[in-house]
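Undergrad: this is a predicted model, with the sequence first.
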Amino acid sequence: MLTNNLGYPRMGAHRELKKACEQYWTGKISRDQLFLTAKNLREQHWQLQAAAGIDLIPCNDFSFYDHVLDMSLLLGVIPNRYAPVVTEVKENAEIDLYFAMARGYQKDDLDITAMEMTKWFDTNYHYIVPEFTAAQDFKIFSTRLFGECSSARAAIGKTPKPVLIGPVSYLMLGKEKEPGFDKLDLLKKLLPVYIDILNRLRNDYRAEWVQLDEPFLALDLTEKQRQAFLLAYKEIHLKCPHLKILLTTYFEGLRNNAPLAVQLPVCALHIDLVRAPLQLDELLPIMPDKLSLSLGVVDGRNIWKNDYHQSLLTIQRTISTIGTERTMIAPSCSLLHTPFDLELETEIDPVIRNWMAFARQKLQEVMELKLVAEGNAELLGRNQQAILSKNKSSLIHKQNVKERVAGITDTMAKRKSPFPIRQQLQKKRFQLPLFPTTTIGSFPQTDDIRQFRAKLKSKTISAAEYDSAIKKATVDAIRWQEEIGLDVLVHGEFERNDMVEYFGEQLDGFLFTKNGWVQSYGSRCVKPPVIYGDIERPREMTVYWSHFAAGQTDRLMKGMLTGPVTILQWSFVRNDQPREITTNQLALAIRDEVIDLEKAGISIIQIDEPAIREGLPLRRGDWPTYLHWAVKAFRISASGVIDETQVHTHMCYSEFNDIIEHIAAMDADVITIETSRSQMELLEAFAGFKYPNEIGPGVYDIHSPRVPTVEEMMALLEKACALLPAGNIWVNPDCGLKTRKWPETKQALINMVKAAQQMRTAVLIS
Ligand code: GLN
Ligand code: ZN
């Protein structure tokens, strides 16, 4: 039985790679210093995997920025606009071309935009989207892969398993940058280059196994895509007959593609048995004679300890059908999505810590599972003790919370009256002008504010000092909003570090790590909170600040909350109950907060759900179930208030067109939504659907310091008016302003208010 690992986190235990890259970008360290850091990290990670007893150790899973971008460089898929950089940086600075593609290039009179970035399936990792042209050529451009194979062998004394994205998935990850062709038709040109690479790996670098990642094989496929898989793998088999190909799928089950998958002439198939445990039953009966199966039983997407008893059943079932030699044990997917090492977490309650496993511990688990399968009862026993203690722990299980969730009724997910009635009541109550102006919640988090928070944490200032600093920032922001004439004010969220962490820290059932970083994109890492137990709100969370802010002005002050689905989506979630139940627990906590805000006199409350779209399952057939409970959770949180209280929601940076009816079903009185980057394109979907409630299409992009002109914003508003009833339109930026600086924020908002005012006059005249 072989132990197999698909990929390892790159950043290092202390985010060494992040720091080195950022220092290199600002010119603080040399290229050689950057390379040395990277080399050390790779070697440490290989050695660590060898020491853990992993047989198939990956190489080329390392990346300076993103592994899809690495593939583009390997295959010579370099958009034309980088031609000047290619000539400029020549051989020894391939890395500068690479970073230019990832981050854009502004130097020596050149101003070249970065490549587009998008989410890697349903993870929070973002990859750089390959750009294809109709006449796209492929050739081996970067040789970094080969160098890595040699150095891996030098580091661990045996041939590693190079990892590549498979040819079909690579094409499917990319984008046609001109009309008139289908990227899949590029496969015929692409395959010879893959075959060249594979043969070099075998002949010159003595690779025995090569891992080809084909995650799309576990998703919905068209007939053409199926044919592409058949063509690609037959060709590879024909031209590289002696190489052992390990074909990996993850994040979903093979389901209807199982017959296709087992038809592909490869040596081994990897399946994700954490996400899709039932696929084993579909697969075992149709396994061809020589195909090996890599069982992804250790969760590569979460931080919980493996239940050896469950995994053992899976392993035994597989062995009894296909034998020990053809069975491999592995994490479900690359460990890229888990934090590095639990050993570094010295402050987590040891009881809870004993239920957890990070990347390093997961390697250990893979190895131990092999031993357990070979009969090691002691390891099994110790593991089962931990699992059992978790199942029964009073740290996790709160009867009152469970009962409350079980008692949720449909009425709790419904506002008292339908929207048209609420709208009338609210119009009467608020007396807002046409095109009311507002912002999304946060104002610039200056270094000052951050420092106050750091000082509070390190206890160099008192809670009272912190409090008065935040109060001052809040009051300043309020005065300023009044001055420029915004209609619905916000308090600015100065007291918040992060829109999920802020709530997690105040809720029971959450814990926070010190080093639990996972890569989000490039050098950027996030540290998701951990939901370990039943969630309860011990006390009000935002009333203090909202109430304080409301008391500083006669204008309307919006209360600001993060919605249940977004909190769930951006956390590591417990795996002992359905996500739906955990979300409902969050929904009840937010509902209580909404009610408390209303009691404190706040009449407009925004519940942000930017992540509702990214929770969508990877298979379309599973969408309705998810959308049903996600929308319901939002409604539970929003529906405890009277008709006259106005509920807003906010969404951004996702494709919303295909879930528009579900957004409508959330029944928020007002939705503010990012639209300016697509020139209001999204609004057409809202108009086509006849979105019934009020809507604030973002009139400027907050991701750039550029100040938009009044005319520009008016043009966007005119577009909106052509599509939607003017009486339903709000005026606001695309998203929160936290990452901006004050000068540009002020100018942009002054212009925005002017745009709204001129629109009002224009409507009056016409
Ligand atoms: N209210 C949040 C803010 O303004 C919303 C952030 C978001 O949409 N990601 O910062
Ligand atoms: Zn946003």
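TA: Now that the structure is in, tell me what you want to look at. Residues are numbered from 1 along each chain as shown. Ligands and ions are numbered 1, 2, ... in the order given.
Undergrad: got the contact list for the residue positioned nearest the centre of the chain?
TA: Most central in the chain under Cα atoms, centre = their mean is N124, positioned 1.7 Å from the mean C-alpha point. Taking Cβ atoms under 8 Å, 6 or more residues apart in numbering as the contact definition, N124 lies against 518, 520, 526, 528, 570, 614. All C-beta atoms are positioned from the backbone trio N, CA, C, and that covers glycine.
Undergrad: confirm that it sits in a strand.
TA: No: N124 is assigned coil when assessed by DSSP: H, G, I helix; E, B strand; the rest coil, not a strand.
Undergrad: output the below-cut-off pLDDT ranges for the stretch 51-200 of the chain.
TA: 88-92 (pLDDT under 70).
Undergrad: residue boundaries of the helices in it?
TA: Using DSSP state H, counting those that start in this stretch, the helices of the stretch 51-200 of the chain run over 67-74, 83-89, 94-103, 144-156, 167-173, 187-203.
Undergrad: the stretch 301-450 of the chain now?
TA: Going by DSSP H, counting those that start in this stretch, the stretch 301-450 of the chain shows helices at 308-322, 350-353, 359-373, 377-392, 399-406, 419-430, 447-457.
Undergrad: for the stretch 1-150 of the chain, what lies in contact range of ligand 1?
TA: Residues of the stretch 1-150 of the chain found near ligand 1 (Cβ under 6 Å from any ligand atom): none.
Undergrad: from the stretch 1-150 of the chain, which residue is nearest to ligand 1?
TA: As assessed by Cβ to the nearest ligand atom, ligand 1 sits closest to N124 within the stretch 1-150 of the chain, at 12.7 Å.
Undergrad: any idea how far that residue is from A218?
TA: 19 Å (Cβ to Cβ, to the nearest Å).
Undergrad: any low-confidence regions in this structure?
TA: Looking at the chain by pLDDT under 70, you get 88-92.
Undergrad: wait, L34 sits on E22?
TA: No: L34 is beyond contact range of E22, at 10.1 Å (criterion: Cβ atoms under 8 Å).
Undergrad: quick one: residues contacting T566.
TA: Applying Cβ under 8 Å, 6+ apart, the residues near T566 are 499-500, 608-612.
Undergrad: closest one to W209 out of those residues, please.
TA: Nearest to W209 out of the contacts of T566 is A611 (Cβ to Cβ; 37.1 Å).
Undergrad: what's the neighbour count on that closest one?
TA: Per other Cβ atoms under 10 Å, the neighbour tally for A611 reads 23.
Undergrad: surely it touches P564?
TA: No: counting by Cβ under 8 Å, A611 stays clear of P564, with 10.3 Å between them.
Undergrad: on that earlier part again, separation between the residue nearest to the centre of the chain and L280?
TA: Distance, N124 to L280, by Cβ to Cβ: 28 Å.
Undergrad: contacts only, for the residue lying closest to R10 once chain neighbours are set aside.
TA: Setting aside the residues directly before and after it, R10 is nearest to F62 in space (Cβ to Cβ, 6 or more residues apart in numbering), at 5.2 Å. By Cβ under 8 Å, 6+ apart, F62 lies in contact with 8, 10, 38, 41-42, 45, 148.
Undergrad: okay, these in a markdown table with neighbour count next?
TA: Shown next, in a markdown table, are the contacts of F62 (neighbours: other Cβ atoms under 10 Å):
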| residue | neighbour count |
| --- | --- |
| Y8 | 28 |
| R10 | 22 |
| A38 | 20 |
| L41 | 20 |
| R42 | 22 |
| H45 | 27 |
| E148 | 21 |
